[in-house]
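J.: what follows is a predicted structure for the sequence shown.
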Amino acid sequence: MKANKLAKAEFGKILQRPAIFFMTAFILFTLIILAFCYTPVLRQDNSINHNILNTTVSDAFSAFNTTSTGNNTTKSSLDAMLDDAVTKLTTYNSSSNLLDLIKEKVQDLQTFLTQSGGTGFYPLLLNLANNPDSQTAKSNFSTALVNLRNEVLDIYTFLDTGITNDNVNFYITYNQLAGLKGFFFNFYNFIPRQASLSEMSSSQLILIGEKIVQDFSVTSKLNQLNSFSLIQLDASKINEIINKYYTEISHSSGSNTLLSLKYKEIQDFASENQNSNEPDDIEAINNMFTEYKNIAIIATELINCSFDLQKAGNFSDNQLCNFIGFNDINKYILNESLILNNYLLENKIFDGNYLLNFSLTSTVGYEVSAYDFCFFSMQIISVIIIIFCLFFTVSGLAGEQSSGTLKMLAMRPYNKSKIIKGKILASVYFMMFFIMISVVASFIIGAVLFGVVPGNILLVFNGSFVVSVYPAFVILIYLLCLAFNITLFISIASFISVASRSGTFSVLFTFIIFLCGMILNALCSSMGLYSFLPFAHMDLFKYFGNAENPGVLFGVNMISDGNFFVSLIYIVVLIFILNLFTKKIFNKRDIA
């Protein structure tokens with residue numbers, strides 16, 4: 001209680017400082033500037049609008065039924081999109097085996113090297129070594145070197161251009177591919193060109209041959225290729241995916257599928273109102289077209305996500321990021337997409353009349369709203385609030401310690417533990433004060449300039465389930481996550497401030513930690529060890545359906561096997577440990 005009383009008193013002292021009015025004015029000024037600079041990308045509108053001058057319902061229906069496949073506004077293009085997704089899934093195991101093609105080329109090279117009968121590279125080398133004065137032996141071996149150089153070049157070219165993220169069908173890491181390419185590249189460059197070979201003596205040719213035998217073991221590379229595993233999809237899982245997301249949905253699968261029933265609804269409406277050009281009827285049939293399109297898109301997304309998860313197998317994200325073809329795959333994000341699209345499918349939400357989750361650069365709805373601006377501006381303002389909090393935290397500890405103010409507090413009925421708790425709590429109150437001012441001001445500015453878009457956001461929590469919530473509630477969740485982040489930096493600044501007794505050093509060092517966190521997130525988030533660092537667990541908002549759009553400016557990417565409760569416990573424990581050490585160090589300090 002005394003610590004809280006002291007915190008309130010300290011917070012009151014902070015509010016009386018002239019700098020508070022400057023900071024508040026600076027935040028408001030920044031918000032106004034941001035409002036005029038805010039130009040987000042509008043959410044993509046998937047609606048179909050077959051509406052031209054004097055259009056009738058029959059005309060719109062005919063336009064929807066054209067055979068065009070170049071866009072997603074016709075029935076044929078939407079059916080083709082879904083069919084292509086399921087074809088990729090069903091033919092994957094039987095598609096051309098890239099690994100076998102590579103092994104075949106390397107095996108042919110190995111055969112050329114070792115074949116008997118006087119035509120292989122090794123026998124020709126042995127023949128030249130036994131008959132160094134024979135021009136025939138020298139000529140035959142020179143020809144073999146030219147042929148060998150060409151075969152090695154063919155393999156290197158295939159490895160360099162033939163293996164891509166799109167066509168690789170076996171597990172191979174970037175380092176393994178680089179090793180194979182490096183081997184054949186060095187092999188190729190070691191063999192002299194034909195013009196140079198003709199000028200060499202038999203002894204020089206023999207030395208080249210012996211060096212090839214010694215340094216370039218094709219057998220070891222063939223064994224390495226044999227150790228690679230093909231990406232094989234589970235046949236029972238494929239059938240399950242096809243039945244659930246294609247057979248029960250596709251128009252070509254029967255008359256009782258989702259798309260068949262929707263198309264029947266469109267046909268009936270078009271038949272009953274074929275000559276109508278009433279705006280309401282045109283809008284109604286376009287809405288039906290849009291629902292057909294959204295069903296096809298949802299089913300396609302479900303098939304594609306399931307396909308990627310099947311390819312990923314039991315590997316973790318940290319392992320997958322090393323494999324070619326998997327660098328953009330995050331299993332958490334794929335599961336999040338699966339859960340959301342399954343929710344849309346099961347609840348028959350095909351009209352698109354729901355809001356997406358917040359993003360720094362795009363809108364939740366089809367037009368800009370106050371919520372979009374509020375979220376955008378708070379991400380920018382959060383950095384300013386962090387800087388303000390760092391300044392007042394260290395000024396309340398290192399600054400007052402060096403000036404002797406803390407000695408005056410110690411003379412009152414406050415022990416050192418209560419003093420340090422009060423100082424840290426005062427910084428937290430200070431943070432909450434500025435967050436409250438900022439969010440209220442940003443929402444008011446956004447409401448005046450952009451208005452408020454009605455609707456609920458479909459929020460996927462922790463990659464587990466979907467809830468439909470009002471945007472204001474999502475903003476509140478974001479602010480709570482932001483408060484956790486800033487509280488962590490307050491704890492870091494308090495610890496450094498007490499340990500160093502230098503306010504300037506504390507601010508600079510804490511801000512350097514902040515910058516290092518952003519840099520490490522950008523460069524190292526795919527590395528396994530990164531998940532053990534505090535920065536990896538910040539930005540809890542990513543667990544609320546925002547894994548692809550981290551919630552804080554320069555927000556934290558989703559780590560491998562991320563979990564909200566693990567990250568929450570990690571941050572809470574870290575804050576507790578930092579404050580515990582701060583308290584222990586402060587209790588041992590002479591604050592005189």
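T.: Looks like it came in fine. Numbering: from 1, shown residues only.
J.: and the strands in this protein?
T.: If DSSP state E is used as the criterion, the strands of the chain fall at 457-461, 465-469.
J.: so who does the residue lying closest to residue 461 once chain neighbours are set aside touch?
T.: Spatial nearest neighbour of residue 461, chain neighbours left out: residue 544 (5.9 Å); criterion: C-beta to C-beta, 6 or more residues apart in numbering. (Each C-beta comes from the backbone N, C-alpha and C, glycine too.) Contacts for residue 544 (C-beta atoms under 8 Å, 6 or more residues apart in numbering) come out as 357, 459, 460, 461, 474, 477, 478, 481, 551.
J.: nearest to residue 200, of those?
T.: residue 551 (66.6 Å; C-beta to C-beta).
J.: where are the low-confidence patches of the stretch 1-150 of the chain?
T.: Where the stretch 1-150 of the chain drops to pLDDT under 70, the residues are 1-4, 6-7, 9-11, 14, 52-54, 68-70, 95-96, 117-118.
J.: got a list of contacts for stretch 196-206?
T.: Contacts of stretch 196-206 (C-beta under 8 Å, 6+ apart): 125, 128-129, 132-133, 137-138, 141-142, 145-146, 192, 208.
J.: stretch 433-444 too?
T.: Contacts for stretch 433-444 (C-beta under 8 Å, 6+ apart): 11, 15, 23-24, 27-28, 31, 370-371, 373-374, 377-378, 381, 385, 388-389, 475, 479, 482-483, 486.
J.: if we go to 6 Å?
T.: Stretch 433-444 is contacted from outside by 27, 28, 31, 370, 374, 377, 381, 385, 479, using C-beta atoms under 6 Å, 6 or more residues apart in numbering.
J.: just flag the most distant two among those.
T.: Using C-beta to C-beta, the pair of the contacts of stretch 433-444 lying farthest apart is 370 and 385, separated by 20.0 Å.
J.: including distance to residue 61, could the contacts of stretch 196-206 go into JSON lines?
T.: Formatted as JSON lines, these follow (distance: C-beta to C-beta, whole Å):
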{"residue": "125", "distance to residue 61": "76"}
{"residue": "128", "distance to residue 61": "80"}
{"residue": "129", "distance to residue 61": "82"}
{"residue": "132", "distance to residue 61": "86"}
{"residue": "133", "distance to residue 61": "88"}
{"residue": "137", "distance to residue 61": "81"}
{"residue": "138", "distance to residue 61": "80"}
{"residue": "141", "distance to residue 61": "76"}
{"residue": "142", "distance to residue 61": "74"}
{"residue": "145", "distance to residue 61": "70"}
{"residue": "146", "distance to residue 61": "67"}
{"residue": "192", "distance to residue 61": "71"}
{"residue": "208", "distance to residue 61": "75"}
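J.: which among those residues end up buried?
T.: 125, 128, 129, 137, 138, 141, 142, 145, 146, 192, 208 (16 or more other C-beta atoms under 10 Å).
J.: nearest residue to the first one in space, please, no chain neighbours.
T.: Just to be clear, that refers to residue 125. residue 209 (4.0 Å).
J.: what's the neighbour count on the one you found?
T.: For residue 209, the tally of surrounding residues (other C-beta atoms under 10 Å) stands at 22.
J.: correct me, but it touches residue 124?
T.: No: in this structure, residue 209 is not within contact of residue 124 by C-beta atoms under 6 Å, at 8.3 Å.
J.: overlap in contacts of the two?
T.: The overlap between the contact sets of residue 209 and residue 124 (C-beta under 6 Å, 6+ apart) is empty.
J.: residues near the closest residue to residue 561 other than its chain neighbours, how many?
T.: Distance criterion C-beta to C-beta, 6+ apart; nearest residue to residue 561, sequence neighbours excluded, is residue 316 at 6.1 Å. Neighbourhood size, residue 316 [other C-beta under 10 Å]: 13.
J.: how much space separates residue 316 from residue 170?
T.: Here residue 316 is placed at a distance of 19 Å from residue 170 (C-beta to C-beta, to the nearest Å).
J.: and residue 500, by the same measure?
T.: Applying C-beta to C-beta to residue 500 and residue 170 gives a distance of 54 Å.
J.: between the two, tell me which one has more neighbours.
T.: Higher neighbour count among residue 500 and residue 170: residue 170, with 19 against 15, using other C-beta under 10 Å.
J.: ok, the more buried one touching residue 99?
T.: Yes: Residue 170 is within contact range of residue 99, at 4.3 Å (criterion: C-beta under 6 Å).
J.: give me the common contacts of these two.
T.: residue 228.
J.: just the pLDDT for the residue nearest to residue 461.
T.: Reading off the confidence values, residue 544 has pLDDT 88.
J.: quick one: it from residue 473, how far?
T.: Distance of residue 544 to residue 473, computed by C-beta to C-beta: 10 Å.
J.: equivalent analysis for residue 540, please.
T.: 15 Å.
J.: and these two? which has more neighbours close in?
T.: Under the neighbour definition other C-beta under 10 Å, residue 540 and residue 473 were set side by side, and residue 540 has more, 22 against 13.
J.: least confident secondary structure element in this structure?
T.: Least confident helix or strand, the chain: helix 405-410 with a mean of 52, by mean pLDDT, DSSP states H and E.
J.: so what does the residue nearest to residue 561 have for phi and psi?
T.: phi -80, psi 170 (degrees, to the nearest 10).
J.: look up how far residue 492 lies from it.
T.: For residue 316, the distance to residue 492 - C-beta to C-beta - is 29 Å.
J.: do the same with residue 113
T.: Counting by C-beta to C-beta - residue 113 and residue 492 are separated by 61 Å.
J.: ok, residues contacting stretch 22-35?
T.: With C-beta under 6 Å, 6+ apart, stretch 22-35 has contacts from 377, 388, 438, 441, 442, 445, 449.
J.: would you reformat the residues you listed as a markdown table and include distance to residue 266 and neighbour count?
T.: Shown next, in a markdown table, are those (distance: C-beta to C-beta, whole Å; neighbours: other C-beta atoms under 10 Å):
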| residue | distance to residue 266 | neighbour count |
| --- | --- | --- |
| 377 | 43 | 25 |
| 388 | 57 | 20 |
| 438 | 48 | 24 |
| 441 | 48 | 19 |
| 442 | 43 | 27 |
| 445 | 44 | 20 |
| 449 | 39 | 13 |
